[in-house]
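Visitor: Need a 3D model of the sequence below.
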Amino acid sequence: MMPLRKIAAAMLGAWLMFAAAPRARSEPAPAASAAMYDVVIRNGRVLDGAGNPWVRADVAIKNGRFAKVGRVEGRGAREIDAQGDYVSPGWIDMMDQSGEILLKNGLAENKLREGVTTAIAGEGGTPVPSAQIDEYFRKLERQGISLNFGTYYSSAQARDEVMGDVAGKPTAKQMEAMRVHVAEAMRAGAMGIATALIYPPDSFQSTEDLIELARVAVKYGGIYASHMRDESAKLLQAIDESIEIGEKTGIQVEIFHFKGAYAPGWGKLVPEAGRAIEAARARGVNIAADMYVYTAGGTGLDITVPNWLWEQGSKEGLKRLQDPLVRVRLKREVSSGSLPGWSNLVEASGGWQHVVLANAFNPKYDRYRFKSIDYIAKQLGQDPADVSWDIVLGAQPNRAMGLFFMMNEADIETALRWPWMSIGSDAGANDGQGTIDAIGLPHPRAYANFPRVIAEYVKKRHILSLEDAVRKMTSWPAARMHLDDRGVIRAGLRADVTIFNEERLEDVATYEHPTSYPTGIDYVLVNGRLVIDQTHHTGAKPGRVLRGAGYGAQGAAERSR
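Guide: The predicted model follows:
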């Protein structure tokens with residue numbers, strides 16, 4: 001028989017070996033103990049999302065909602081040890097482009113891997129006409145999506161359904177038909193109406209047209225969201241237009257991807273724009289903005305063509321773009337600056353050397369990807385404008401994409417500090433791991449915009465506090481979008497959660513390598529279910545379609561169909 005002291009020593013040794021062994025940070029509850037909760041997150045530094053300092057607490061989740069915050073005694077069917085991590089409400093993308101791709105692939109892995117649990121799309125409207133929006137939402141629900149999703153309807157969609165994509169002032173009858181389409185979209189659950197006034201046919205809409213359609217949307221509790229008519233030399237006039245629409249209709253106004261995209265105006269336009277918005281807010285206009293945190297914007301190279309070319313529609317415009325005599329006029333106008341109804345992004349970027357090819361959808365030109373149009377032109381012995389427009393034509397039926405380096409870091413820092421600024425990526429979900437986002441634009445904002453806010457502007461530059469950065473990505477956008485049951489970690493609210501390690505959090509994606517996933521985001525939960533588990537997408541699709549306030553106007557019978 002072993003002496004008692006040897007038994008004790010053996011037991012102590014076994015205990016020490018167990019204590020020293022690496023232990024999983026996330027584990028199921030022991031089968032022997034009945035789980036009281038679905039998930040319990042323990043030992044984390046909880047940021048409630050409202051801007052308060054973190055507190056050490058456990059977070060219990062049951063039936064898709066936060067059940068308890070504080071000391072949690074009961075076990076969860078899934079236990080997550082968040083020691084050393086921050087536990088935040090899920091991050092909200094205020095300017096998403098995933099409306100179409102979610103029908104094909106609902107996983108939205110790039111969004112979730114950067115901590116986004118809710119996406120608000122619709123700069124270009126819905127993928128379907130107003131009459132089909134309700135069924136579009138229902139199809140997303142049937143197929144399943146991994147993140148929460150809401151969208152605007154575009155005022156230009158209403159115009160296109162009535163008039164086509166040509167220029168011209170709508171008749172009274174046509175305007176009434178547009179109102180009907182907007183009302184139909186609002187009753188189907190659109191968040192409001194959106195505009196992209198820099199692009200035709202959106203650019204053909206007058207301020208008066210937009211006011212008329214905003215008056216319809218506001219009756220249903222809708223929002224007016226705008227990619228403004230100009231974000232460059234005439235930024236202040238464009239903001240004035242947005243403010244005017246808000247003042248004359250009483251509608252809430254959201255400025256999409258705010259920026260001072262005009263090299264000659266760096267350091268001047270952005271502070272003036274901020275003062276204009278502050279003054280409007282002071283007199284009661286419900287206006288705010290969102291932004292991404294990169295110095296390059298990204299859009300189609302067709303924006304380098306003055307908008308008058310498209311007045312007879314895109315098909316006719318593409319024909320005219322092939323005409324050498326038409327190009328002579330176009331080149332003269334590009335060289336002279338912006339025109340009424342057209343914002344010259346070549347001038348805004350400081351010249352063709354700052355306009356970079358991102359995606360030509362054509363092997364002939366894609367070998368020059370991430371090279372400037374000026375560089376490509378020199379290699380080919382051509383005029384830069386001809387190169388840009390040949391790329392546009394060669395990409396059909398796709399849209400050739402470019403990166404426009406129009407902003408500077410000082411202006412980004414200025415805008416990011418404003419308390420009413422939230423965060424939006426202007427990027428879509430991807431269709432698979434490591435692929436370009438759904439709109440075909442290889443820009444790092446599709447994979448890293450949200451982590452970059454913290455990694456660059458909290459950790460490195462100290463522009464924001466961590467608490468305020470999280471507020472800008474959670475409770476503030478939730479309040480703006482009237483998502484009263486999300487955006488804050490509080491018992492009873494929907495359990496969208498992003499768990500991240502600040503020390504390891506890095507925005508890995510770059511312009512040259514735009515599809516690299518960030519590091520430091522360990523877990524993401526949507527409506528209480530784990531979707532990202534230590535950088536692995538679980539395949540779960542617990543996301544919900546978020547319908548606007550107008551959806552309630554349909555009545556109980558309609559909602560129960």
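
Visitor: Can you give me the neighbour number for Ser335?
Guide: 11 (other Cβ atoms under 10 Å). For every residue, glycine as well, the C-beta is placed using N, CA and C.

Visitor: Am I right that it is in a strand?
Guide: No: Ser335: not assigned to a strand; according to DSSP: H, G, I helix; E, B strand; the rest coil it is helix.

Visitor: so what's it scoring on pLDDT?
Guide: For Ser335, the model assigns a pLDDT of 92.

Visitor: now the stretch 1-150 of the chain, which segments are flagged as low pLDDT?
Guide: 1-33 (pLDDT under 70).

Visitor: Ignore what I typed, I meant the chain.
Guide: If you take pLDDT under 70 as the line, the chain has these spans: 1-33, 554-561.

Visitor: For the residue nearest to Tyr152 when sequence neighbours are not counted, which residues are in contact?
Guide: Counting by Cβ to Cβ, 6 or more residues apart in numbering, Gly122 is the residue found nearest to Tyr152 once chain neighbours are left out, at 3.1 Å. Shown in contact with Gly122 (Cβ atoms under 8 Å, 6 or more residues apart in numbering): Gly99, Thr151, Tyr152, Tyr153, Ser154, Ala190, Met191, Ala194, Ala225.

Visitor: And Gly122, how close does it get to Gly424?
Guide: 11 Å (Cβ to Cβ, to the nearest Å).

Visitor: part of a strand, is Ser226?
Guide: Yes: counting by three-state DSSP, Ser226 is part of a strand.

Visitor: Without its sequence neighbours, what residue ends up closest to it?
Guide: Per Cβ to Cβ, 6+ apart, closest to Ser226 is Thr195, 4.6 Å.

Visitor: Assign that neighbour to one of the three secondary structure states.
Guide: strand.

Visitor: Go through the lengthiest strand in the chain and flag the buried ones.
Guide: Using DSSP state E, we find that the single longest strand of the chain is strand 37-46. For strand 37-46, the neighbour count (16 or more other Cβ atoms under 10 Å) marks Tyr37, Asp38, Val39, Val40, Ile41, Arg42, Gly44, Arg45, Val46 as buried.

Visitor: Ok, stretch 282-297 next?
Guide: In stretch 282-297, counting by 16+ other Cβ under 10 Å, buried: Val285, Ile287, Ala288, Ala289, Asp290, Met291, Tyr292, Val293, Tyr294, Thr295, Ala296, Gly297.

Visitor: Okay, buried residues for the helix or strand following the longest strand of the chain please.
Guide: Reading on from strand 37-46 to the C-terminus, the next helix or strand found by DSSP states H and E is strand 55-62. Judged by neighbour count using 16+ other Cβ under 10 Å, the buried positions of strand 55-62 are Ala57, Asp58, Val59, Ala60, Ile61, Lys62.

Visitor: could those residues go into JSON lines alongside distance to Gln312?
Guide: Shown next, in JSON lines, are the buried residues of strand 55-62 (distance: Cβ to Cβ, whole Å):
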{"residue": "Ala57", "distance to Gln312": "62"}
{"residue": "Asp58", "distance to Gln312": "63"}
{"residue": "Val59", "distance to Gln312": "58"}
{"residue": "Ala60", "distance to Gln312": "61"}
{"residue": "Ile61", "distance to Gln312": "56"}
{"residue": "Lys62", "distance to Gln312": "59"}
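
Visitor: Show me the two of the buried residues of strand 37-46 that sit farthest apart.
Guide: Greatest spatial distance in the buried residues of strand 37-46: Asp38 and Arg45, 21.8 Å, computed using Cβ to Cβ.

Visitor: Now that Ser154 has come up, it's in contact with Gly125, right?
Guide: Yes: counting by Cβ atoms under 8 Å, Gly125 is a contact partner of Ser154 at 2.8 Å.

Visitor: how close does the residue nearest to Tyr152 sit to Ala190?
Guide: Gly122 is 7 Å from Ala190, by Cβ to Cβ.

Visitor: And the strands in the stretch 301-450 of the chain, which stretches?
Guide: 355-359, 401-405, 421-423 (DSSP state E, counting those that start in this stretch).

Visitor: I'd like the ones you listed laid out as TSV, including mean neighbour count and distance to Arg75.
Guide: Output for those, formatted as TSV (neighbours: other Cβ atoms under 10 Å; distance: least, Cβ to Cβ, whole Å):
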stretch	mean neighbour count	distance to Arg75
strand 355-359	25	49
strand 401-405	24	50
strand 421-423	25	35
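
Visitor: can you tell which of the ones you listed is closest to Ser130?
Guide: Of the strands of the stretch 301-450 of the chain, the one closest to Ser130 (Cβ to Cβ) turns out to be strand 421-423, at 27.0 Å.

Visitor: Check which helices and strands that closest one sits against.
Guide: With contacts taken as 3 or more Cβ pairs under 8 Å, 6 or more residues apart in numbering; DSSP states H and E, strand 421-423 sits against strand 91-96, strand 287-291, helix 445-454, helix 466-473, helix 475-480.

Visitor: and those, which is most packed in?
Guide: strand 91-96 (a mean of 31; mean count of other Cβ atoms under 10 Å).

Visitor: which residues are in contact with that one?
Guide: 111, 114-121, 123, 149, 254, 256-257, 290, 292, 422-429, 449-450, 473-474, 477-478, 480-481, 483, 486-487, 498.

Visitor: at 7 Å instead, please
Guide: 111, 115-121, 123, 256-257, 290, 422-426, 428, 450, 473-474, 477-478, 487, 498 (Cβ atoms under 7 Å, 6 or more residues apart in numbering).

Visitor: and what of stretch 383-393?
Guide: 301-302, 304-305, 318, 321-322, 327, 330-331, 334, 352, 357, 360, 365, 373-374, 376-377, 380, 400.

Visitor: Going by neighbour count, which of these are buried?
Guide: 301-302, 304-305, 318, 321, 327, 330, 334, 352, 357, 360, 365, 373-374, 376-377, 400.

Visitor: Just the ones of the contacts of stretch 383-393 in helices?
Guide: Under the assignment DSSP state H, the contacts of stretch 383-393 contribute Leu318, Leu321, Arg327, Leu330, Lys331, Val334, Tyr365, Ile373, Asp374, Ile376, Ala377, Leu380 to helices.

Visitor: hmm, back to that, can the strands of the stretch 301-450 of the chain go into JSON lines with extra columns for distance to Ile463?
Guide: Below are those laid out as JSON lines (distance: least, Cβ to Cβ, whole Å):
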{"stretch": "strand 355-359", "distance to Ile463": "26"}
{"stretch": "strand 401-405", "distance to Ile463": "20"}
{"stretch": "strand 421-423", "distance to Ile463": "11"}
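
Visitor: of all those, which lies closest to Val270?
Guide: strand 421-423 (11.3 Å).

Visitor: from the chain's centre, how far out does that closest one sit?
Guide: 10 Å (Cα atoms, centre = their mean, to the nearest Å).
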